[in-house]
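**Student:** Here's a sequence, model it:
(chains A and B)
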Amino acid sequence: MNQYFLKKECKELHAFPHVLEFAFKKNNTIQFGSLRKETCKFLRFYYVVDGRFDWNIEEQHYILYPGDLAIILPGQCFGGEKDLLDIGTVSWIHLEQQELEQQGKLAIGNWSRLSDTECTTIGKMLLVSNCQVFPKLKDAGTILQTIHKEFINQEIGYVARINQLLDELIILVARQLTRHNNARRDFPQAFTKLEQTLRADLSHQWTVDEMAALVGLGITAFSEKVKGFTGFSPLNYLINIRISEALKLLKRIDVQITDIALDVGFYSSQHFATTFKKLTGYTPSEFRKKHVAPSDETA
Amino acid sequence: MECIITIEIGTGAIRIVACTMQGKMFGSLKGAYPTFHEKPDFSEQDPEQIFITLLYLLKNFLNDKIHPKNYKVVSICFSSAMHSVLPIDRNGAPIGNAIVWSDNRAKKESNDLKNSELGKSLYKETGTPIHPMSPLNKITWLKNNDKDRFQATKKFISLKSYIIQQLTGEYVIDYSVASATGMLNIHTLNWEADALKHSGIKTERLADLVSVFYSPKKIKKEYQKSLGLHDKVKIIVGSSDGCMATLGAGVWGDGKATVTLEESGAVRVIGKEVLQDEKQRIFNYLLTEGNYVSGGPTNNAGAVFEWYAKQFGDFKKAFDLEDCMENLINEAGKVAVGSDGLIFLPYLQGERAPIWNANARGVYFGLNIKHEQKHFVRATIEGILYAFYNIGKSLSEHRTYTSLSANGTFASYPFWTQMMADIFNKPVHIKQGSGSDSVAYGSFLLAATENGQYENLEEAAKTVKLPDSFLPHAQHHKVYMKHFEIFERLSVKLFDEFEAIAGLQQDAGN
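**Tutor:** Numbers count the residues shown, from 1 in each chain, chains lettered A, B, ... in the order given. Predicted coordinates:
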């Protein structure tokens, strides 16, 4: 079992159109060019079983030790720091995956039991977290080892089992991501981080699922926490941020009201106007008229 | 039925409370907003977010609690955190975020001024200790370091002034909040010329000074309509959160002091005289003409205990800090008074009163091999309260007080309140279920006085009843004092080492 390598044309992979490559490799020799930096259109997982690996992901240098998992998103560049594979043992899998869209949806395909919303959420988390290496993630090693065995033995039900294990790997990474982002102790801190993420991409139609996942809580617990901490439901809090950003832009004459609406995350200027008026009593254009002219009664 | 609504624009949240004309609270609503730290020393808040939060809360509050029961709102009384600076342009639009009290960017400006003759005289005239918190130093910082913004600023106003201006169109600042800017002469009630000269501005670039009882002429029509308020509702400018907490705790004149235990804290008294402290340890803020709230603030109250809990507490449920803190307090109860000789200096965020040393840092002192984790918990709480006692001690050089009234989130833990009584060796009174109610109640008293229900604030303060009291235990007090002596000495003795370690930390941070 020292070497194991499956490529797209292998018959073992016929039942898995979504698996482009699976490998368990013990590398004994250093060969220049054995792991060149490449940008790929698929999702890649690399797990270090043994040894020490100098890798480069998106022009960042990482050193990986046994138990560490690297994840490379579609469109990201990955390879050996010196374009070669170091001595040691490593296991990897490549999954078919369209490039994450702007919205960040993970489109992994029909084989997965993850729902559409979950895929969107995980995709968004992967994109915003900017986390490539998970140190000491032994569970990932166990999953890859089990997949390896299933491929070799091909016992009854192995297709379903492998797909389940792939789901499990993705779920493991998603959950690890939220643990990684906060220690589940300091809610104010976790919430501040979340707020920064929301503000950095205000035009995105954030859902409660996505927000809860970023903090690492279930939806119910998350909503309760936010309500207790801020006094608002998560969506109302988000509307407050949107409107306060809109207020700032309305005071700058050079920005069109339609653009403001979309920039701060309303799906139409109508939606923006209604929400704005409900809260402030002004329509956005009335507000602008009252607050921008230097001849304002208040000046 | 008639009612009064109070609105507190606090450090991290707005709290709205409704009271009957007799002062019975019958509804409240809270909404939080973030503090941004773009750089380590920066603390800023978004004025538009605070305004929107206020509108949202007030509208919902009126629609849920007030309008359906046909309450007639007599007045809406504001209070706010002190020391904020918001630069606005000639159109009244904010230029960037507001710089809030905890912002330390003006460290250099503050140190330079503090050690000068001008600094000493400004402290005497304005009552505000020379510190990065005060708008005097913040505006000077803008002048020195952000010239474009400084130039473009038509007015430097407080967050409360901004909110009130948005609602009513008037730029006003009450004497109370103004007296915490470091630029108001608290004896003459005019802006202090030397302070303005130092920060490079003229009176026109500040809001108009008004009494805490002042109400702007009208609420803008659009807001009257969207909030469903009639045009007779008075907006009362009100005072600061600190002054209101003191008033609401029934403190007035000799005999009483109040202790506020929130994330940060303070010990305060009210009186007719300005307490002129040679060492510049004490603030003197104006409540109303001739009445001063004097005292000292600490940076390291509840925030430090929360820090301890987050680092070392046991979180059985994700993010359940309350539960974690309660368990820790139970643990602390299992240790003898004085934590078997373990002493904690709580200066994690530098310290204001009485040592006024931004470089001060936390210390556990006296560790021996028999100390367990529970000793750390108790020592942490004791250290936080020693710091309060240290403020109280400097106040008692100027004013005698025989009892304390406690308010704030952490005052609602009996363990803390009892320890405070023991350390101060004075009875501590607390309102049942007291949260941040003191601020709201102080604002109610102010509004009711404005409405003619009390002759003046002194009469209003006398009506405050504080039923629950914690009596001091003389034996415990003795033990605490032996430890406090060491605490007090360490707090000044380590001056050079504090400076050195703060320097290293700053280097590491860059």
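
**Student:** tell me the pLDDT at A:Tyr158?
**Tutor:** Listed pLDDT for A:Tyr158 reads 95.

**Student:** now swap in A:Asp296 and tell me
**Tutor:** So, for A:Asp296, pLDDT stands at 43.

**Student:** Nearest residue to the spatially most central residue of chain A in space, please, no chain neighbours.
**Tutor:** Central residue check for chain A by Cα atoms, centre = their mean: the C-alpha nearest the mean position is that of A:Leu126, 1.5 Å away. In this structure, A:Leu126 finds its nearest non-sequential neighbour in A:Leu73, 5.9 Å apart by Cβ to Cβ, 6 or more residues apart in numbering or on different chains. Any C-beta I mention is one placed from the backbone N, CA and C, and that applies to glycine too.

**Student:** do you know how far the one you found is from B:Thr168?
**Tutor:** As for A:Leu73, its distance to B:Thr168 is 52 Å (criterion: Cβ to Cβ, to the nearest Å).

**Student:** Who has more neighbours out of the two?
**Tutor:** A direct count of neighbours by other Cβ atoms under 10 Å in any protein chain shown for A:Leu73 and B:Thr168 places A:Leu73 higher, at 22 against 19.

**Student:** near chain A, which residues of the stretch 351-500 of chain B?
**Tutor:** Remark: no part of the stretch 351-500 of chain B is in contact with chain A, using Cβ under 8 Å from any Cβ of the partner chain.

**Student:** Helices of the stretch 351-500 of chain B, residue ranges please.
**Tutor:** In the stretch 351-500 of chain B, the helices defined using DSSP state H, counting those that start in this stretch lie at B:373-396, B:414-424, B:437-450, B:457-462, B:474-493, B:495-509.

**Student:** that older thread, and the residue nearest to A:Leu126, what are its phi and psi?
**Tutor:** In terms of degrees, to the nearest 10, the main-chain angles of A:Leu73 are phi -80, psi 160.

**Student:** Apart from its chain neighbours, what residue comes closest to A:Ala15?
**Tutor:** A:Val159 (4.8 Å).

**Student:** for B:Ala180, same thing?
**Tutor:** Spatially, and ignoring its direct neighbours in sequence, B:Ala180 is nearest to B:Met82 (3.9 Å; Cβ to Cβ, 6+ apart).

**Student:** Wait, that neighbour touches B:Ser240, no?
**Tutor:** Yes - between B:Met82 and B:Ser240 there is a contact under Cβ atoms under 8 Å: 4.7 Å.

**Student:** circling back to that earlier point, got a pLDDT number for the residue nearest to A:Leu126?
**Tutor:** Reading off the model, A:Leu73 has pLDDT 89.

**Student:** Same check on B:Gly433?
**Tutor:** Predicted confidence (pLDDT) for B:Gly433: 49.

**Student:** Kindly report the same for the one 4 residues further on.
**Tutor:** According to the predicted model, the pLDDT of B:Asp437 comes to 83.

**Student:** now the one 4 residues further on
**Tutor:** Reading off the confidence values, B:Tyr441 has pLDDT 94.

**Student:** And for the one 3 residues further on?
**Tutor:** We have a pLDDT of 96 for B:Phe444.

**Student:** now it: how far from chain A?
**Tutor:** 21 Å (Cβ to the nearest Cβ, to the nearest Å).

**Student:** Same check on B:Tyr308?
**Tutor:** Counting by Cβ to the nearest Cβ, the gap from B:Tyr308 to chain A is 11 Å.

**Student:** Helix or strand: which one has that residue?
**Tutor:** helix B:302-312 (DSSP states H and E).

**Student:** Name the surrounding residues that touch that helix.
**Tutor:** Contact with helix B:302-312 is made by A:183, A:185-186, B:261-265, B:321, B:324-325, B:328, B:346, B:348-349, B:362, B:373, B:376-377, B:380-381, B:384, B:408-410, as judged by Cβ atoms under 8 Å, 6 or more residues apart in numbering or on different chains.

**Student:** now B:Arg105, nearest residue through space, not along the chain?
**Tutor:** Per Cβ to Cβ, 6+ apart, closest to B:Arg105 is B:Asp41, 4.8 Å.

**Student:** which ones are touching that neighbour?
**Tutor:** B:Asp41 touches B:Asp103, B:Asn104, B:Arg105, B:Lys107, counting by Cβ under 8 Å, 6+ apart.

**Student:** Doesn't it belong to a strand?
**Tutor:** No - looking at B:Asp41 with DSSP: H, G, I helix; E, B strand; the rest coil, it is coil, so not inside a strand.

**Student:** confidence score at it?
**Tutor:** 85.

**Student:** re earlier: residues that sit against both of B:Met82 and B:Ser240, list them.
**Tutor:** When contacts are counted by Cβ under 8 Å, 6+ apart, B:Met82 and B:Ser240 are jointly contacted by B:Val177, B:Ala180, B:Tyr285.

**Student:** What residues does the stretch 101-250 of chain B have near chain A?
**Tutor:** Close to chain A, as judged by Cβ under 8 Å from any Cβ, the stretch 101-250 of chain B has residues B:Gln165, B:Gly169, B:Glu170, B:Tyr171, B:Glu222, B:Tyr223, B:Lys225, B:Ser226, B:Leu227.

**Student:** Please flag which of those sit within helices.
**Tutor:** Of these, the ones assigned to helices by DSSP state H are B:Gln165, B:Glu222, B:Tyr223, B:Lys225, B:Ser226, B:Leu227.

**Student:** Run a quick neighbour tally on the residue of the stretch 201-350 of chain B found nearest chain A.
**Tutor:** Ranked by Cβ to the nearest Cβ, the top residue of the stretch 201-350 of chain B for proximity to chain A is B:Ser226, at 3.1 Å. Neighbour count for B:Ser226, taken as other Cβ under 10 Å: 18.

**Student:** I figured it hits A:Thr280, correct?
**Tutor:** Yes - if you go by Cβ under 8 Å, B:Ser226 and A:Thr280 touch, sitting 6.7 Å apart.

**Student:** overlap in contacts of those two?
**Tutor:** Contacts common to B:Ser226 and A:Thr280, judged by Cβ under 8 Å, 6+ apart, are B:Leu55.

**Student:** I figured A:Leu214 hits A:Met125, correct?
**Tutor:** Yes - with contact defined as Cβ under 8 Å, A:Leu214 and A:Met125 form a contacting pair (6.2 Å).

**Student:** Mutual contacts of the two, please.
**Tutor:** Shared contacts of A:Leu214 and A:Met125 (Cβ under 8 Å, 6+ apart): A:Thr178.

**Student:** Let me know the closest of the contacts of B:Asp41 to chain A.
**Tutor:** Using Cβ to the nearest Cβ, these come closest to chain A at B:Asp103, 16.3 Å.

**Student:** Quick check: phi and psi at the closest residue in space to that closest one that isn't next to it in sequence.
**Tutor:** Closest residue to B:Asp103 apart from its sequence neighbours, by Cβ to Cβ, 6+ apart: B:Ser43 at 4.1 Å. In terms of degrees, to the nearest 10, the main-chain angles of B:Ser43 are phi -140, psi 120.
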